[in-house]
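# Pasting the sequence and the predicted coordinates here, then a few questions.
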Amino acid sequence: FGIFRKPYSRLPPGPRGLPLVGNVFQFDPVKAWHLCEEYKRKYGPIVYLNFFGQPVVVINTKKVAYDLLVHRAANYSDRTRSIVGDYMTGGMNSGLIRYGELQVLWRKFRRSSQFALSPKAIAQYQSLQQDEMVLMTYGMMYDPDHWTEEISRATSSIVLSMIYDLPPIKSLSDPFLNKIGDFNRRLSEVFYPGAHLVELLPILDYLPAWLAKWKRDAIKDFRFFSALFQKMFRVNKEQVVSGEEHRASFCATIAENQEKMAISDLECAWLAGSLHGAGHDTTYTMITWAIFAMIHFPEVQRRAQQQLDEVVGRSRIPSLADFKHLPYIRAIVQEARLVLRWRPVTPLGPTHYSVEDDYYEGYYIPKGTFCMPNIRSMNYDSEIYGPDAGDFKPDRFLDSCGNIKDENDEGHFSYGFGYRDCVGRHLANNALFIAVSMLLWSMKIEPGKDENGKNVLPDINSEEMDGFMIRPAQFRVTLSPRFPDVEMILRQARDDVVSSERYKRSD
Ligand code: HEM
C-alpha cells in the first residue's frame with residue numbers, strides 16, 4: 001500500500017478540501033485569480049487543488065510555467081475535454097482542440113494558423129487595421145456614449161474581414177456577427193463547472209439524441225456552423241483555385257497551402273470559423289483597459305501625446321509606419337500590451353491538460369491534471385518587474401534615451417505558454433499599437449461626468465469577469481478633440497475609408 005500511496009502523498013501543497021467534492025466550493029470562478037493570489041502567498045509557486053477528484057494545479061511563477069508548460073510542453077499541451085463542446089465543434093475549435101495521442105489534427109491546425117498569422121502574413125492586413133481604427137476613433141469622438149460598442153464593432157470587423165475578406169461590419173446587429181457571437185458565448189458557457197451534468201457523469205453520453213436535449217442542440221449547432229463556415233471558406237477558396245485575382249485573407253492563405261498542410265475543407269472551415277472567438281473579445285477587452293489606464297494616468301497620456309506631436313505632427317494621422325519612432329506608445333502598449341501586463345485579459349490563462357504522470361521538484365503531478373497558469377500573478381512578480389510591479393509604468397520598458405530596452409522581450413505572459421501560446425499575438429499587437437496611437441493622437445481621454453458636470457473616476461480596482469475575460473466594470477469617458485484640426489483630418493480619413501472599394505462592397 002505504501003507504494004501506491006507514495007505518489008499522492010507528494011502532491012504539491014494546497015488548501016485542504018472536503019471529502020469527495022475537494023476544493024470545488026472554495027473556488028469561486030468569478031474571484032478565481034484573487035483566490036489564487038492568496039494560495040500563492042500561503043503555499044508557494046505551485047498549488048494543488050481537487051475538484052470532485054479532478055486534479056488541478058495552479059502555476060504561480062514564470063519558472064514553474066516555463067519548466068512545465070514550455071520545457072515539458074509535450075506533456076502539458078492538451079486541453080480539457082468537454083463532451084458537449086466536442087459535439088458542438090466536432091473537436092475542431094482551434095483554441096480548444098485536443099493535443100491528443102497522435103496530435104494529427106492539432107498539428108495541422110497549429111501549423112496552418114501559425115503560417116497564416118505569421119508577422120509576414122499579417123503585414124497584408126495593416127491597411128485594414130488602420131482603416132478600422134479610423135472608423136472606430138471617428139465613431140467614438142462623435143458618439144462617446146457608445147464608445148465600447150465602437151471598439152467591439154471595429155475589433156470584430158478586423159477579425160472577420162481578415163479571415164474572410166469581408167467588407168466592414170457596420171453595426172453590432174450584423175446577422176453573421178450575431179450568429180457567430182452567440183455560438184462563441186454558448187461554447188464558453190459549456191466549460192463552466194456544472195453547466196452540463198454529462199461532463200460530471202460521462203455515462204449520460206450513451207443517451208440517444210432524442211432523449212438528451214443537450215446532445216440534440218449540440219449536434220444541430222455543429223451541422224449549422226459546419227455548413228455556414230464551409231460556405232464562407234469556399235467563397236475564398238474558389239477565388240484561389242480559379243486563379244481569379246483576390247485580396248489577402250486568412251482563408252485564401254490556407255486554401256493556397258491546403259495541399260501542403262493536408263487539411264480538409266471542413267477542417268479549414270472550422271479553423272477559420274473559430275478565430276473570431278479567440279481574437280475579438282481579447283482585443284476588444286484590451287483596448288477598453290487601455291482607455292481605463294489613460295483616464296487614471298493623465299501624465300502617461302500627456303507624455304504619449306507629446307511624442308505623437310513630435311513624431312507624427314498635427315497634420316496627419318499616425319500609422320504602423322510610425323512604429324519605430326514611437327517608443328513611448330510602444331511602451332504603453334507593452335505595459336498595456338498594456339493591459340497585457342498591468343491587467344491581463346485572461347488572468348488565469350486557458351488550462352493546459354497533462355497527458356502523462358509527471359514529477360516536478362519532488363512533487364507528483366498526476367496524468368490528466370488541469371494546469372492553470374496564474375498569468376496575473378506572473379505579470380505582477382516583483383522579482384521580474386521590481387517593487388513597483390503593480391503600478392502602470394511604461395518607463396519600465398525604456399532605457400535612459402527613451403528607446404525600448406529589449407526588442408525581443410514581450411514583457412508579459414499574457415499570450416500564454418509553449419505549444420498553445422497565442423498564434424494571433426502579432427495581429428493583436430499591431431491592432432493595439434494603431435488603436436492606442438490613433439486614440440491618443442486625436443483625443444483627450446478623461447473621466448466621464450455626473451449630472452453636475454463633475455468628473456467620475458472609475459475605481460482603479462474595478463473589474464468584472466465575462467467568461468474567461470476580465471474587464472473593467474462599465475464606466476463613462478469624456479472624449480474631446482485634442483486640437484482644432486483633429487475633426488477635419490479625422491473626417492477626411494474617414495471619408496477616404498468610406499469611399500474605398502472594400503467599404504463600398506457592403507452597400
Ligand atoms: C490582445 C489580444 C489577445 C490576447 C491577450 C490573447 C491571449 C491568448 C491566450 C492567453 C491564449 C492561450 C495560451 C495558452 O493556452 O497558453 C491564446 C490562444 C489563442 N489565441 Fe490569442 N489572444 C489575443 C488575440 C488573438 C487574436 C487577434 C487571434 C486571432 C485572430 C488569437 C488567436 C488565438 C488562437 C487560435 C489561440 C489558440 C492557440 C492554441 O491553442 O494552439 N488571439 N490567446
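Good, I have the coordinates. Numbering: from 1, shown residues only.

# Enumerate the residues of the stretch 51-200 of the chain near the ligand.
Ser94, Gly95, Arg110, Ser113, Val159 (C-beta under 6 Å from any ligand atom). Quick note: C-beta positions are derived from backbone N, CA and C, even for glycine.

# one more time with 8 Å, if that's ok
By C-beta under 8 Å from any ligand atom, the part of the stretch 51-200 of the chain that sits against the ligand consists of 69, 77, 79, 94-97, 106, 109-110, 113, 117, 159, 162-163.

# So among these, which ones count as buried?
69, 77, 79, 94-97, 106, 109-110, 113, 117, 159, 162-163 (16 or more other C-beta atoms under 10 Å).

# Helix, strand or coil: sort out the closest residue in space to Pro472 that isn't next to it in sequence for me.
Closest residue in space to Pro472, ignoring its immediate chain neighbours: Phe292 at 4.5 Å, by C-beta to C-beta, 6 or more residues apart in numbering. Recorded secondary structure, Phe292: helix (DSSP: H, G, I helix; E, B strand; the rest coil).

# Select the longest helix from the chain.
helix 213-241 (DSSP state H).

# Now do that one: which elements does it pack against?
For helix 213-241, the packing partners by 3 or more C-beta pairs under 8 Å, 6 or more residues apart in numbering; DSSP states H and E come out as helix 83-89, helix 147-164, helix 175-190, helix 250-256, helix 265-273.

# In JSON lines, list those helices along with mean pLDDT.
JSON lines is the format used below for the helices and strands packed on helix 213-241 (pLDDT from 0 to 100):
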{"stretch": "helix 83-89", "mean pLDDT": "95"}
{"stretch": "helix 147-164", "mean pLDDT": "96"}
{"stretch": "helix 175-190", "mean pLDDT": "89"}
{"stretch": "helix 250-256", "mean pLDDT": "96"}
{"stretch": "helix 265-273", "mean pLDDT": "97"}
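
# name the element the most centrally placed residue in the chain belongs to?
By C-alpha atoms, centre = their mean, the chain has its centre lying nearest to Thr282, at 3.2 Å. Following DSSP states H and E, one finds Thr282 within helix 275-296.

# taking the mean pLDDT, what do you get for that helix?
The average pLDDT within helix 275-296 is 92.

# quick one, it and helix 147-164 angle?
150 degrees (axes from the mean of the first three to the mean of the last three C-alpha atoms, to 10 degrees).

# Helix 275-296 and the ligand in contact?
Yes. Using C-beta under 8 Å from any ligand atom, helix 275-296 reaches the ligand at Leu275, His276, Ala278, Gly279, His280, Thr282, Thr283, Thr285, Met286.

# and the first one, what does it touch?
By that I understand Leu275. By C-beta atoms under 8 Å, 6 or more residues apart in numbering, the residues touching Leu275 are Ser94, Ser113, Val159, Ile163, Phe250, Gly424.

# Relative to Arg223, which of those is nearest.
Ser94 (19.6 Å; C-beta to C-beta).

# Run through the residues that contact the closest one.
Phe109, Ser113, Trp270, Leu271, Ser274, Leu275, Ala278, Val423.
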